[in-house]
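> starting from these lines, generate the structure:
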Amino acid sequence: MAMKSRSSSLIYNLCLGALFVLLLACSNRKKLQNDNQVFRYNEHSNISSLDPAFAKQLSDIWAINQLFNGLVQLDDELNVKPDIAKKWSISENGKSYMFTLRNDVYFHKHKLFGIDSTRIVNAHDFDYSFKRLINNDIASPGGWVLQNVTDFGATSDTTFVVNLKKPFPPFLGLLTMKYCSVVPKEAVDYFGNSFRSNPIGTGPFKFKLWVENTKLVLRKNNHYHEKDIEGRQLPYLEAVSVTFLPDKQSEFLQLVQGNIDFLSGLDPSFKDDIINPDGNLSERYKDKLTMESGDYLNTEYLGILMDSDNSEVSSLNIRKAINYGFDRQKMIQYLRNGIGTPAVNGFIPKGLPSFSSFEGYSYQPVKAIEYINLYKSETGNLNPEITITTNSQYVDLCEYIQRELEKIGLIVHVDVVPPSTLRQSKASGKLPIFRASWVADYPDAENYLSLFYSKNFAPNGPNYMHYNNEEFDKLYEKVFVTTNKDERYKLYQQMDSLIIEDAPIVPLYYDQFVRFTQKNIRGLSTNPINLLNLKKVSKDQE
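Coordinates of the predicted model:
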């Protein structure tokens, strides 16, 4: 009997052990499957708010784009497409917009919505969300989006109307900004200021967890309203996980080690390691990573204060000499590893349909010297000199320009100041020449040309150069009553050519986005505004 008992015990233990191994294998397999359904990235710039009313910086916009929707959205070619509004109409005078909403879009489930834990989005929700944008107590940085709006409101549960003060053809593009996302009044009333960390939206992912400076987790919204072209429910992923390592080198190591799926942008700490001088992915990473790059709606430039007391910068001859006096192609090749396009066409960047192919300022040192000599003969100043003010991130570019311009007879000083000082000083008109950039707020060239409209003088507008040209202003105002897209593009190009002729700026380069992903990532689209869109992303099993 004892022998039989020991035998039974042995069999029992063997079976128990086998069951444990089986369960462990299943657990590991399930964990592997779960890992392959989670998109992981690091946000070194941190996230300040998940409330769309405060979607100002790109790090916030990326996260908010997963959580919220608006009336309209942009596709990857920057065309305005339906979102919660399934269609819209514009009045003949171009001042009234009527949106017809879908009736199958639900807010993320939450106990605040009562028994059913959710409800359908209606036009009154957009009325509330827009009023919140312009509420002084909220102090949203996105209130300017509605500055040309006289009134708006819901005429029914599925109809929302916006009336403008004057025609503004890029208005639909403005509405694609995340500021204009719809939020539920119940949630904002309940959470108050903490809605920033308790967001409830309609997007492909819903909020799960945010430990600030540590981790953000979003989960799949199983009731999302969009489907792919084959009719499959979006999104494909189960979750999004965001970490907040502040160091770009550490972020790069996380990518190389396979701990994150995605990295955007380059940093001097790893630039030469991950890409070649010709701008392509290094051989050592080709089996592990995928690299994509493309036009990014950002123009890097030197701004010149046109009403400066400095005689050099107020001289058109000196301004043209600067523009002709350095090789932009060489600058991009050696200082940015080929990432970027030399800005030899104008201020409007590549990536916009109104980008012009006319020649602006190419590298012509002989012509630059001629302009320097003209200035000397006209003024008697035989030792012209200028000062370029920049922050530490762009010292290498400015010092390159310094060396090149000194070859043509122009003495150049580079003054390095903190970013906050640079912003304040250029806005107050204290800097004769300053390095700056303009990233599109919305995908229309009007956004770029507004920097040169005389009524937008800083500090009350973005015209930091104090550029004033009557012909330019007339063309700029004509744009608002020109509804034909092609005609509007021609006006944009005429204005761009005036800017090049008057040279209130020195265009440096049109930026490019650079993205690196693990080899198993599929469906991550790219676009000229570098928006992170994860609703169609999937991960292959490793």
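> count the neighbours of Asp60 for me.
22 (other CB atoms under 10 Å). Heads up, the C-betas are built off the backbone N, CA and C, glycines and all.
> which ones are touching it?
Ile47, Ser48, Ser49, Leu50, Phe54 (CB atoms under 8 Å, 6 or more residues apart in numbering).
> mind checking which helix or strand Tyr509 is in?
Here Tyr509, judged by DSSP states H and E, is contained in strand 505-518.
> helices along the stretch 351-500 of the chain, start to end?
365-379, 395-406, 419-427, 446-449, 470-479, 485-502 (DSSP state H, counting those that start in this stretch).
> hmm, who's touching the last one?
If you take CB under 8 Å, 6+ apart as the criterion, helix 485-502 is touched by 169, 316, 346-348, 353-354, 356, 358, 360-361, 445-446, 449, 452, 467, 469, 471-472, 475-476, 478-479, 482, 505.
> any of those residues buried? List them.
With burial judged by 16 or more other CB atoms under 10 Å, the buried subset of these is 169, 346-348, 354, 356, 360-361, 445-446, 449, 452, 467, 469, 472, 475-476, 479, 482, 505.
> residue ranges with poor pLDDT in the protein?
In the predicted model, the chain carries pLDDT under 70 at residues 1-35, 542.
> could I get the buried residue list for the longest strand anywhere in the chain?
If you go by DSSP state E, the chain has its longest strand at strand 289-304. Buried positions in strand 289-304, judged by neighbour count with 16+ other CB under 10 Å: 289, 291, 293, 295-304.
> also stretch 147-162?
Asn148, Val149, Phe152, Ala154, Thr158, Phe160, Val161, Val162.
> restricting to C-alpha, output that stretch in PDB.
Taking Å, rounded to 0.1, in the frame of the first residue of the first chain, the C-alpha atoms of stretch 147-162 are listed here in PDB:
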ATOM      1  CA  GLN A 147     -10.500  85.100 -33.700                       C
ATOM      2  CA  ASN A 148     -12.200  85.600 -37.100                       C
ATOM      3  CA  VAL A 149     -15.500  84.000 -35.900                       C
ATOM      4  CA  THR A 150     -18.600  86.200 -35.100                       C
ATOM      5  CA  ASP A 151     -20.700  83.400 -33.700                       C
ATOM      6  CA  PHE A 152     -21.300  79.600 -33.700                       C
ATOM      7  CA  GLY A 153     -23.900  77.200 -32.400                       C
ATOM      8  CA  ALA A 154     -26.000  74.100 -32.700                       C
ATOM      9  CA  THR A 155     -29.200  74.400 -34.700                       C
ATOM     10  CA  SER A 156     -30.000  70.700 -34.000                       C
ATOM     11  CA  ASP A 157     -28.300  67.700 -32.500                       C
ATOM     12  CA  THR A 158     -26.500  67.000 -35.800                       C
ATOM     13  CA  THR A 159     -26.000  70.500 -37.200                       C
ATOM     14  CA  PHE A 160     -23.400  72.900 -36.100                       C
ATOM     15  CA  VAL A 161     -22.900  76.400 -37.800                       C
ATOM     16  CA  VAL A 162     -20.000  78.700 -37.700                       C
END
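> which residues does it contact?
Here stretch 147-162 has contacts from 71, 85, 96-103, 122-124, 126-127, 130, 146, 163-166, 168, 171, using CB under 8 Å, 6+ apart.
> buried subset of those residues?
Going by neighbour count (16+ other CB under 10 Å), the contacts of stretch 147-162 have 71, 85, 97-102, 122-123, 126-127, 130, 146, 164, 168, 171 buried.
> can you tell me which of those are in helices?
Secondary structure from DSSP state H places Ala123, Phe126, Asp127, Phe130, Phe171 of the buried ones among the contacts of stretch 147-162 in helices.
> mind putting those into JSON lines with distance to Leu531?
Shown next, in JSON lines, are these (distance: CB to CB, whole Å):
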{"residue": "Ala123", "distance to Leu531": "26"}
{"residue": "Phe126", "distance to Leu531": "21"}
{"residue": "Asp127", "distance to Leu531": "26"}
{"residue": "Phe130", "distance to Leu531": "21"}
{"residue": "Phe171", "distance to Leu531": "19"}
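> tell me the bridge partners for Arg219.
Lys206, Ala239 (DSSP bridges).
> show me the contacts for it.
When contacts are taken as CB under 8 Å, 6+ apart, Arg219 is in contact with Phe205, Lys206, Lys208, Glu238, Ala239.
> could you do Leu281 as well?
Ile274, Ile275, Leu289, Thr290, Met291, Phe516.
> end to end, how far does stretch 70-78 reach?
End-to-end distance for stretch 70-78, by CA to CA, to the nearest Å: 15 Å.
> what residues of it count as buried?
Neighbour-count burial for stretch 70-78 [16+ other CB under 10 Å]: Gly70, Leu71, Val72, Gln73, Leu74, Leu78.
> according to the record, where do the domains of this protein fall?
Following automatic domain parsing, the chain resolves into domains at 52-196, 296-512.
> figure out which of those domains is closest to Gln254.
With CB to CB as the criterion, Gln254 lies closest to domain 52-196 of those, at 16.3 Å.
> how long is that closest one end to end?
Start-to-end, domain 52-196 (CA to CA) is 8 Å.
> next one: stretch 183-200
7 Å.
> cool, and stretch 179-195?
15 Å.
> for that stretch, buried residues please.
So for stretch 179-195, counting by 16+ other CB under 10 Å, buried means Tyr179, Cys180, Ser181, Val182, Val183, Pro184, Glu186, Ala187, Val188, Phe191, Phe195.
> now stretch 410-428
In stretch 410-428, counting by 16+ other CB under 10 Å, buried: Leu410, Val412, Val414, Val416, Val417, Leu422, Ser425, Lys426.
> quick one: contacts of that stretch?
So stretch 410-428 is in contact with 303, 318, 321-322, 325, 372, 383-393, 395, 398-399, 401-402, 405-406, 431, 434-436, 458-459, 464, going by CB under 8 Å, 6+ apart.
> re the thing from before, restrict the strand holding Tyr509 to CA atoms and write it as CSV.
Coordinates of each C-alpha in strand 505-518 appear next as CSV, following Å, rounded to 0.1, in the frame of the first residue of the first chain:
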residue,chain,number,x,y,z
ILE,A,505,14.9,87.4,-43.9
VAL,A,506,17.6,84.9,-44.8
PRO,A,507,16.0,81.6,-45.5
LEU,A,508,18.3,78.8,-44.3
TYR,A,509,16.6,75.5,-44.9
TYR,A,510,13.2,73.7,-45.2
ASP,A,511,13.1,71.2,-42.5
GLN,A,512,12.5,67.4,-42.8
PHE,A,513,11.1,65.0,-40.2
VAL,A,514,13.1,61.9,-39.5
ARG,A,515,11.5,58.8,-37.9
PHE,A,516,13.0,55.5,-36.8
THR,A,517,10.9,52.4,-36.1
GLN,A,518,11.5,48.8,-35.2
